[in-house]
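Undergrad: Build me a structure from this.
(one chain, ligands or ions: 1)
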Amino acid sequence: MLKGRHLIEPDNLTTGEIDEICLLAERMIVDSASYRDICRGKILAALFFEPSTRTRLSFEAAMQRIGGSVIGFSDAAVSSASKGESLADTIRTVAAYADIIAMRNPKEGAALLASRVSRSPVINAGDGGHHHPTQTLTDLMTIRALKGAFSGLTVGLCGDLKFGRTVHSLAKALSRYPGNRFVLISPAELAIPDYITGGVFAPAGIPWTSCERLEDVIGSLDILYMTRVQRERFFNEQDYIRLKDSYILDAEKMKLARGNMIVLHPLPRVNEIAPEVDADPRAAYFKQVRYGMFVRMALIAKLLGVL
Ligand code: NCD
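TA: Okay, the predicted model is just below:
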């Protein structure tokens, strides 16, 4: 039963519940008209203390496509946080107005704190460099649609694996399915945190390797998950400038990849995928955007308990 639950990190859902949400999202794709009024009278609060295009708008579009309405803000500067209000007080207040809350906040752990004081379900739409579970549902939907399963995959995670919250959530989610292995491609300074390799891969018996050159390993991958170097999480602009163009996926590198590899990216992209790759049938990042809206429609409906 998903009704009334919070979604803070991927582990809050069982694999069975993930299947349930993806299945509903698939039904919504083929027959959206049947679902357009299921959340009539319900309100989603979209609280974005950090910039967002896709995640915020896809939550808003998702809620409106199932008949609900949306309140919220897209900039912390226009909320009472700028007057010094605590997050707990903001959430208690908003939970009195809204049936469900989607929140993005630059601080790791903010969503967990919000869930502890909220009477409405809280969905973590990104807490600093920590987790981003609805991007993971989006990624899983895309993998299921294009690869047919979540297991037996060699997954390359490339770019900023240190600060990239989408990577942390996806690694955690895919580690629960059998036969997956990870290839971690990053500069040493942007390596994945130990809590993923030691705390997630090791206990699950997930094989992984790491390397710095994408071209050395691209030919072995079923999925290549590219990420942006997370400028906003750097302490020092010089480090960002030095590392920002560590990886650029282009047509030359795509020639080394398998014919059935897919390229995912949570977006926004900066330089890490050359626009020439967009026309390659293996480029799946704009398909991913569309799945993201449907999977959020399904998630909201389940957490509100309307289906
Ligand atoms: C990601 C995020 O916010 O973590 N974007 C998204 O939600 N689609 C990735 C990023 O910002 O690089």
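Undergrad: any idea how far the ligand is from the residue of the chain most remote from its centre?
TA: Distance from the C-alpha centroid of the chain peaks at K83, with 30.0 Å (Cα atoms, centre = their mean). Noted for K83: a distance of 26 Å to the ligand, by Cβ to the nearest ligand atom, to the nearest Å. C-beta coordinates here come from the backbone N, C-alpha and C atoms, glycine included.
Undergrad: Contacts only, for the closest residue to the ligand within the stretch 101-250 of the chain.
TA: Per Cβ to the nearest ligand atom, R228 is where the stretch 101-250 of the chain lies closest to the ligand, at 3.9 Å. By Cβ atoms under 8 Å, 6 or more residues apart in numbering, R228 lies in contact with 159-160, 164, 265, 268-270, 272.
Undergrad: how about the residues of the stretch 1-150 of the chain that lie near the ligand?
TA: Contact residues, the stretch 1-150 of the chain versus the ligand (Cβ under 6 Å from any ligand atom): 54-55, 126, 132, 135.
Undergrad: Check the residues you listed against Y195 and report the nearest one.
TA: Comparing those against Y195 with Cβ to Cβ places H132 closest, at 15.6 Å.
Undergrad: Neighbours of the closest one, how many?
TA: 28 (other Cβ atoms under 10 Å).
Undergrad: Equivalent analysis for A96, please.
TA: A96 is flanked by 10 other residues according to other Cβ under 10 Å.
Undergrad: ok, back up a step: kindly write the PyMOL command that selects the buried subset of the contacts of R228.
TA: In PyMOL, a selection of the buried entries from those looks like this (16 or more other Cβ atoms under 10 Å):
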select buried, resi 159+160+164+265+269+272
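Undergrad: Adding secondary structure and pLDDT, write the contacts of R228 out as TSV.
TA: Converted to TSV, those look like this (DSSP: H, G, I helix; E, B strand; the rest coil; pLDDT from 0 to 100):
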residue	secondary structure	pLDDT
G159	coil	98
D160	coil	97
G164	coil	97
H265	coil	98
P268	coil	96
R269	coil	97
V270	coil	96
E272	coil	97
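Undergrad: Including distance to the ligand, could the contacts of R228 go into JSON lines?
TA: JSON lines is the format used below for the contacts of R228 (distance: Cβ to the nearest ligand atom, whole Å):
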{"residue": "G159", "distance to the ligand": "9"}
{"residue": "D160", "distance to the ligand": "8"}
{"residue": "G164", "distance to the ligand": "7"}
{"residue": "H265", "distance to the ligand": "8"}
{"residue": "P268", "distance to the ligand": "6"}
{"residue": "R269", "distance to the ligand": "8"}
{"residue": "V270", "distance to the ligand": "9"}
{"residue": "E272", "distance to the ligand": "10"}
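Undergrad: what's the spacing between the residue of the stretch 101-250 of the chain closest to the ligand and F235?
TA: R228 sits at a distance of 17 Å from F235 (criterion: Cβ to Cβ, to the nearest Å).
Undergrad: got it, and L153?
TA: Relative to F235, L153 is positioned 34 Å away (Cβ to Cβ).
Undergrad: Which one of these two is surrounded by more residues?
TA: Neighbour totals were compared for L153 and F235, and L153 leads with 17 against 6 (other Cβ under 10 Å).
Undergrad: count of residues packed around the residue nearest to that one when sequence neighbours are not counted?
TA: Nearest residue to L153 in three dimensions, chain neighbours excluded: D222, at 4.6 Å (Cβ to Cβ, 6 or more residues apart in numbering). A count of neighbours around D222, defined by other Cβ under 10 Å, yields 18.
Undergrad: And the pLDDT at D222?
TA: If you check D222, the pLDDT there is 98.
Undergrad: quick one, phi psi at it?
TA: The phi/psi pair for D222 (degrees, to the nearest 10) reads phi -90, psi -30.
Undergrad: How about the one 10 residues further on?
TA: In this entry, E232 is assigned phi and psi values of phi -70, psi -10 (degrees, to the nearest 10).
Undergrad: what residues are up against it?
TA: By Cβ under 8 Å, 6+ apart, the contact list for E232 reads 50, 106.
Undergrad: Strands of the protein, start to end?
TA: With DSSP state E, the ranges of strands along the chain come out as 43-48, 69-73, 100-105, 122-127, 154-158, 181-185, 208-211, 223-226, 262-264.
Undergrad: Output those as TSV; include the columns mean neighbour count.
TA: Formatted as TSV, the strands of the chain follow (neighbours: other Cβ atoms under 10 Å):
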stretch	mean neighbour count
strand 43-48	23
strand 69-73	16
strand 100-105	27
strand 122-127	27
strand 154-158	24
strand 181-185	24
strand 208-211	16
strand 223-226	26
strand 262-264	24
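Undergrad: For V94, which of those strands is the nearest?
TA: Nearest to V94 among the strands of the chain is strand 43-48 (4.8 Å), distances taken as Cβ to Cβ.
Undergrad: tell me the mean pLDDT over that closest one?
TA: If you average the pLDDT over strand 43-48, you get 98.
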